[in-house]
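Peer 1: please work out how this folds:
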Amino acid sequence: MKRTLQKHILIVDDEEDILELVKYNLEINGFQTTCVTNGEQALKKASIHHPDLIVLDLMLPNIDGLNVCRILKGDTETKSIPILMLTARGEETDIVKGLEIGADDYVTKPFSPQVLVARVKALLRRYSESVADENGVITIHDLTIHPEKREVKIGERLIEFTYTEFQILHLLSSRPNIVFTRYQIIDAVRGDNYPVTDRTVDFQIVGLRKKLGKAGRFIKTVRGVGYRFYLEE
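Peer 2: Residues are numbered from 1 along each chain as shown. Okay, here's the model as predicted:
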């Protein structure tokens, strides 16, 4: 019988009880883990071992989690490693900063171990599987998004979108379950110099959901942070 290679998760947290909690729950779910307690060790282990995913606490001594994330995402050798942040509840500013410098998702403390494991699995799945075919066409249930034709269909019904609506939908759906901040969405749609506020994105999302009908349920608001295109397990 062919054995499935275990995914390797690097856990970074300076609280021993959190380290043990995360380690235990990941290992009973079939993951291999390495634990470190500070940013310097995290950078070293990530560079040497290239883990499949990093669970990264933001509140670390010396080099904090945000700087660890920035360094890893700025290095061609480690930038493709998905990062799941552990954050203090209510620290929305740090969450937004982390996402904007390249982190992929977050879980707030105190957290449910089951939720954390589910987020880890979802991130790994999104990095290893694509919802787009070789032509870039995205198909999710009965929703089809064709980037070259700039067409969106639900079943056989063609839905008309504005340029900005289509760009936002394509961005979110191309990386399902990944959180995007409002400013990431603005930058991806129009570029860094597009003169709009973050509330413009909220307005566009309302229009998207209305036009998508039942499929609008996939676009989830991440309170205080932004949006994700959520696919049910």
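Peer 1: after the helix or strand of the chain with the lowest mean pLDDT, next one along is what?
Peer 2: Among the helical and strand segments of the chain, the one scoring lowest on mean pLDDT, DSSP states H and E is helix 182-190, with a mean of 81. On the C-terminal side of helix 182-190, the closest following helix or strand by DSSP states H and E is helix 198-212.
Peer 1: what about the spatially closest residue to residue 111 that is not a sequence neighbour, which SS state?
Peer 2: Of all residues not flanking residue 111 in the chain, residue 86 sits nearest, at 7.4 Å (Cβ to Cβ, 6 or more residues apart in numbering). Yep, even glycine has a C-beta here, placed from its N, CA and C like the rest. Going by DSSP: H, G, I helix; E, B strand; the rest coil, the secondary structure assigned to residue 86 is strand.
Peer 1: would you confirm that residue 86 contacts residue 69?
Peer 2: No - at 11.7 Å, residue 86 does not count as touching residue 69 under the criterion of Cβ atoms under 8 Å.
Peer 1: who touches both of these two?
Peer 2: Common contact partners of residue 86 and residue 69 (Cβ atoms under 8 Å, 6 or more residues apart in numbering): residue 56.
Peer 1: check contacts around the residue nearest to residue 111.
Peer 2: Going by Cβ under 8 Å, 6+ apart, residue 86 touches 13, 18, 55-58, 65, 106-109, 111.
Peer 1: now do residue 160
Peer 2: Going by Cβ under 8 Å, 6+ apart, residue 160 touches residue 211.
Peer 1: hmm, back to that, so the residue nearest to residue 111 bridges to which residues?
Peer 2: Using DSSP bridges, the bridge partners assigned to residue 86 are residue 57, residue 107.
Peer 1: residue 136 contacts residue 147, correct?
Peer 2: Yes - taking Cβ under 8 Å as the definition, residue 136 is a contact partner of residue 147 at 4.9 Å.
Peer 1: one step back: and the residue nearest to residue 111, what's its pLDDT?
Peer 2: The model reports residue 86 with a pLDDT of 93.
Peer 1: and the contacts of residue 86, which of them are buried?
Peer 2: 13, 18, 55-58, 65, 106-107, 111 (16 or more other Cβ atoms under 10 Å).
Peer 1: tell me which stretches of the chain form helices.
Peer 2: Using DSSP state H, the helices of the chain run over 16-27, 39-49, 65-73, 92-100, 113-128, 163-174, 182-190, 198-212.
Peer 1: check these for me: which has the lowest mean pLDDT.
Peer 2: helix 182-190 (a mean of 81).
Peer 1: what sits up against that one?
Peer 2: So helix 182-190 is contacted by 96, 99-100, 164, 167-168, 171-172, 180, 194, 196, 198, 200-202, 226-227 (Cβ under 8 Å, 6+ apart).
Peer 1: can you pull the buried residues of it?
Peer 2: Of the residues in helix 182-190, 182-186, 189 count as buried by neighbour count, 16+ other Cβ under 10 Å.
Peer 1: and which of these is nearest residue 33?
Peer 2: Nearest to residue 33 among the buried residues of helix 182-190, counting by Cβ to Cβ, is residue 184 at 29.5 Å.
Peer 1: before we move on, back to that, want to throw the buried residues of helix 182-190 into JSON lines with distance to residue 221?
Peer 2: Listed next are these as JSON lines, based on distance: Cβ to Cβ, whole Å:
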{"residue": "182", "distance to residue 221": "11"}
{"residue": "183", "distance to residue 221": "15"}
{"residue": "184", "distance to residue 221": "15"}
{"residue": "185", "distance to residue 221": "12"}
{"residue": "186", "distance to residue 221": "16"}
{"residue": "189", "distance to residue 221": "18"}
